[in-house]
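Enquirer: here is my input; please provide its structure:
(chains A and B)
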Amino acid sequence: MKIFIEKEKKEIKRKFQGRVKDLLKELGINQETVIVVRNGELITEEDIIKESDELRILSVVSGG
Amino acid sequence: VKCSLCSQRAVFSRYCKEHFTEYFEKKAKDTIRRFRLLKKSDKIAVAVSGGKDSMSLLYMLHKHGYNVTGLAVDEGIHGYRDKTLLTLSEFCKKNKILLNIVSFKEMLGKTLDEINPERPCSVCGVYRRYILNMHAKGFDALATGHNMDDEAQAIIMNLTRNSIPLLKRLGPVSGTGTGFTKRVKPFYLCPEKEVMVYSFLNNLNTEFTECPNIERAYRLRIRDMLNDYELSNQGTKRNIVEWFISIKPKLKVRGSHSLCKRCGEPSAKEVCSACAMAYFFKEIKTF
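Expert: Presented below is the predicted three-dimensional model:
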């Protein structure tokens, strides 16, 4: 799965299948601080994601 | 995951796009009513930076028929403010919203980059507030995009510093004394994440931008701490804010503000911070 982490401006590849909240936990990201977009559409932390999905993790906090 | 109110796909918690929008806007409208922030007949200046919070506020108030004008301050931070102001100008043009951009250059004779102070955030904060207040005159209210996370952080910061005068200035309504235009925060009870979702769903600016001068180490630590607590104890931030609302009337602050003897703007001291700073940075124009 391709994951773009906006705040760090980096793209990573990871093998994962399961709930969004569990992926965020694995990545060490607090779900309060991000929203997750799959193929351009916003998804919830309870949604199930699969290997072929492309995700964008957008930071909720703004910087000044 | 499906929306709990219809058969559409949920985009946030248990809401689809349409029901989330309804839920979010109702929360902001309830806040406006609960604290009597705005009237439909008010002439409102909305302090806008081009970021998600202020853009969402401008968009929402305009959508619901409020008489709004965007008021932006261009501090002159190269590679940062120029970008956010461009997004903002395009947005206002598209939505036929009046936008007034006031720059440090025209007000102070120098941009923030040119002043290049040792502690840019303190200088920027003082002048931004000063300029916004000055240009909000003639409006019934100055609305800002502060959200519940901003407020909870500010409460905890002032609490840990035992700064009651600064604590007293917080709240959904402030600046009601002489020389001020009333400041209101319609997103006061909206978590930052919900503002982000609203902003994303309405194609407003959600791009992560960070001021290159950022020096808010303490606030960032408080922010991370509150987000950690929120994850394990849902409602923490809301509880902090509600607690503050209930105790604010009981906070006693000695002394009252008057007007600055140099520029005539509101000030807690004889000479306001903006004039004191202008004296310190001798090359800045005085007011």
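Enquirer: need the residues of chain A near chain B, please.
Expert: A:6-7, A:30-33, A:35, A:37, A:41-44, A:46-47, A:58-64 (Cβ under 8 Å from any Cβ of the partner chain). Placement of C-beta: from N, CA and C, glycine included.
Enquirer: so of these, which ones are in strands?
Expert: Among the residues of chain A next to chain B, DSSP state E puts A:35, A:37, A:41-43, A:58-59 in strands.
Enquirer: quickly list what residue A:48 is bridged to.
Expert: residue A:19 (DSSP bridges).
Enquirer: do you know how far it is from residue A:41?
Expert: 14 Å (Cβ to Cβ, to the nearest Å).
Enquirer: just the buried ones among the residues of chain A next to chain B, please.
Expert: A:6-7, A:31-33, A:35, A:37, A:42-44, A:47, A:58-62, A:64 (16 or more other Cβ atoms under 10 Å in any protein chain shown).
Enquirer: in the stretch 1-150 of chain B, what residue comes closest to chain A?
Expert: residue B:11 (4.3 Å; Cβ to the nearest Cβ).
Enquirer: for the chain, what are the low-confidence residue spans?
Expert: Since no chain was named, I'll use chain A. For chain A, applying pLDDT under 70 flags the ranges A:62-64.
Enquirer: my bad, chain B
Expert: Judged by pLDDT under 70, the stretches of chain B that qualify are B:206, B:214-216, B:255-257, B:282-287.
Enquirer: how about residue B:156: what's its closest non-neighbour residue?
Expert: residue B:222 (5.1 Å; Cβ to Cβ, 6 or more residues apart in numbering or on different chains).
Enquirer: for residue B:188, same thing?
Expert: residue B:172 (4.3 Å).
Enquirer: ok, residue A:50 - how many residues close by?
Expert: 10 (other Cβ atoms under 10 Å in any protein chain shown).
Enquirer: repeat for residue B:224
Expert: 14.
Enquirer: and stretch A:11-31, how far apart are its ends?
Expert: 18 Å (Cα to Cα, to the nearest Å).
Enquirer: give the buried residues for that stretch.
Expert: Residues A:16, A:19-20, A:23-24, A:29, A:31 are the ones in stretch A:11-31 that count as buried (16+ other Cβ under 10 Å).
Enquirer: please identify which pair of the ones in strands among the residues of chain A next to chain B lies farthest apart.
Expert: A:41 and A:59 (18.0 Å; Cβ to Cβ).
Enquirer: my read is residue B:22 is in a helix, agree?
Expert: Yes: assigned with DSSP: H, G, I helix; E, B strand; the rest coil, residue B:22 falls within a helix.
Enquirer: does the residue nearest to residue B:188 touch residue B:183 like I think?
Expert: No: taking contacts as Cβ atoms under 8 Å, residue B:172 lies outside contact range of residue B:183: 9.4 Å.
Enquirer: what's the host helix or strand of the residue nearest to residue B:156 packed up against?
Expert: Residue B:222 is part of helix B:217-232, with elements assigned from DSSP states H and E. Judged by 3 or more Cβ pairs under 8 Å, 6 or more residues apart in numbering or on different chains; DSSP states H and E, helix B:217-232 is in contact with helix B:148-160, helix B:236-247.
Enquirer: follow-up on the earlier one: could you dump the ones in strands among the residues of chain A next to chain B into CSV and include distance to residue B:47?
Expert: Below are these laid out as CSV (distance: Cβ to Cβ, whole Å):
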residue, distance to residue B:47
A:35, 24
A:37, 28
A:41, 31
A:42, 27
A:43, 32
A:58, 24
A:59, 22
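Enquirer: how far away is the residue nearest the centre of chain A from chain B?
Expert: In chain A, the residue lying closest to the centroid (Cα atoms, centre = their mean) is residue A:57, at 3.9 Å. Distance from residue A:57 to chain B, counting by Cβ to the nearest Cβ, to the nearest Å: 11 Å.
Enquirer: next up, the contacts around residue 45.
Expert: Going with chain A. By Cβ atoms under 8 Å, 6 or more residues apart in numbering or on different chains, the residues touching residue A:45 are A:19-21, A:24, A:31, A:36.
Enquirer: wrong one, chain B
Expert: Applying Cβ under 8 Å, 6+ apart, the residues near residue B:45 are B:68-71, B:100, B:132, B:135-136, B:139, B:141-143, B:181.
Enquirer: among the residues you listed, which one has the most neighbours?
Expert: Neighbour max across those (other Cβ under 10 Å) = residue B:143, 29 neighbours.
Enquirer: give the contact list for it.
Expert: Shown in contact with residue B:143 (Cβ under 8 Å, 6+ apart): B:37-38, B:44-47, B:57, B:61, B:68, B:183-186.
Enquirer: now do whatever helix or strand residue B:59 lives in: everything it contacts.
Expert: Using DSSP H and E, residue B:59 falls within helix B:52-63. With contacts defined as Cβ under 8 Å, 6+ apart, helix B:52-63 is touched by A:62, B:25, B:28, B:38, B:44, B:46-48, B:68, B:70, B:87-88, B:91-92, B:95, B:97, B:143-147, B:150, B:186-187, B:192, B:195-196, B:198-199, B:202, B:204-206.
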